[in-house]
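Trainee: Please work out how this folds:
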Amino acid sequence: MKLRMVDRILAWQPRRSIRGVKAVSFEEYQLKEALAGEPCLPESLLVESLFQLGNWLVILSSDFTEMALVVRFEEIRFPGRLWPGESLRMEVEVQSYRSDGVVLDGRGLVGARTIAEGRGCLAMPVPLADYQDPDALRVLFSEIYLPEGGPQGSLPDAPA
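Mentor: Prediction:
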């Protein structure tokens, strides 16, 4: 499992929330067009982007010792479309954070327009090293963490 659907992490608070960005590339929107749909990011990739941002929150909150596997979600809606060249501003908030499960709500926006929103995503924390190389993820995080108003590529001592 690769965490490549989040292009930037803008801010995060351990066990509380995380904000990030997903930009639509040519290859992603072409997937929908090739299947006789409109040239937009498919809903499956939209929800995967939100899941991955939530997973980053679990990884960061555990200091790269745990990640999360999605068990279920209560509701996901797609009231809008993400078009080529647009960037999705994503927000994920923790509703409950326990050792046996994390419940997350999230949404993706372009400006004031809601593109995707979900609630009640239950994810089970598991050892990160069983699925990913924690050191490689630290490097990836240093490349995509761009705190609003801060330097690119730095690992924070204390999250924003």
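Trainee: Hmm, Trp56 is touching Ser17, no?
Mentor: No: using Cβ atoms under 8 Å, Trp56 is not in contact with Ser17; the gap is 11.4 Å. All C-beta atoms are positioned from the backbone trio N, CA, C, and that covers glycine.
Trainee: more crowded one of the two?
Mentor: Trp56 (24 against 16; other Cβ atoms under 10 Å).
Trainee: Scan the protein for its longest helix.
Mentor: helix 43-61 (DSSP state H).
Trainee: What residues sit buried inside that one?
Mentor: Buried residues in helix 43-61, defined by neighbour count with 16 or more other Cβ atoms under 10 Å: 43, 45-61.
Trainee: show me what contacts Leu122?
Mentor: 70-73, 101-103 (Cβ atoms under 8 Å, 6 or more residues apart in numbering).
Trainee: Kindly report the same for Pro127.
Mentor: Counted by Cβ under 8 Å, 6+ apart, Pro127 has contacts 65-66.
Trainee: Could I get the average pLDDT for the lengthiest strand in the chain?
Mentor: For the chain, the strand with the greatest residue count under DSSP state E is strand 113-127. The pLDDT scores in strand 113-127 average 97.
Trainee: immediately after that strand, which helix or strand?
Mentor: helix 134-144 (DSSP states H and E).
Trainee: Could you export stretch 46-65 as PDB, CA atoms only?
Mentor: The C-alpha coordinates for stretch 46-65 follow below in PDB (Å, rounded to 0.1, in the frame of the first residue of the first chain):
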ATOM      1  CA  LEU A  46     -11.600  10.800  -4.200                       C
ATOM      2  CA  VAL A  47     -12.500   8.600  -1.200                       C
ATOM      3  CA  GLU A  48      -9.000   7.000  -1.300                       C
ATOM      4  CA  SER A  49      -7.500  10.400  -1.000                       C
ATOM      5  CA  LEU A  50      -9.500  11.200   2.100                       C
ATOM      6  CA  PHE A  51      -8.700   7.700   3.500                       C
ATOM      7  CA  GLN A  52      -5.000   8.300   3.000                       C
ATOM      8  CA  LEU A  53      -5.100  11.700   4.600                       C
ATOM      9  CA  GLY A  54      -6.800  10.100   7.600                       C
ATOM     10  CA  ASN A  55      -4.100   7.400   7.600                       C
ATOM     11  CA  TRP A  56      -1.400  10.000   7.600                       C
ATOM     12  CA  LEU A  57      -3.000  11.400  10.800                       C
ATOM     13  CA  VAL A  58      -2.800   8.000  12.500                       C
ATOM     14  CA  ILE A  59       0.800   7.500  11.300                       C
ATOM     15  CA  LEU A  60       1.900  11.000  12.600                       C
ATOM     16  CA  SER A  61      -0.100  10.700  15.800                       C
ATOM     17  CA  SER A  62       1.700   7.400  16.600                       C
ATOM     18  CA  ASP A  63       5.200   8.700  15.600                       C
ATOM     19  CA  PHE A  64       5.400   6.300  12.700                       C
ATOM     20  CA  THR A  65       4.600   3.200  14.700                       C
END
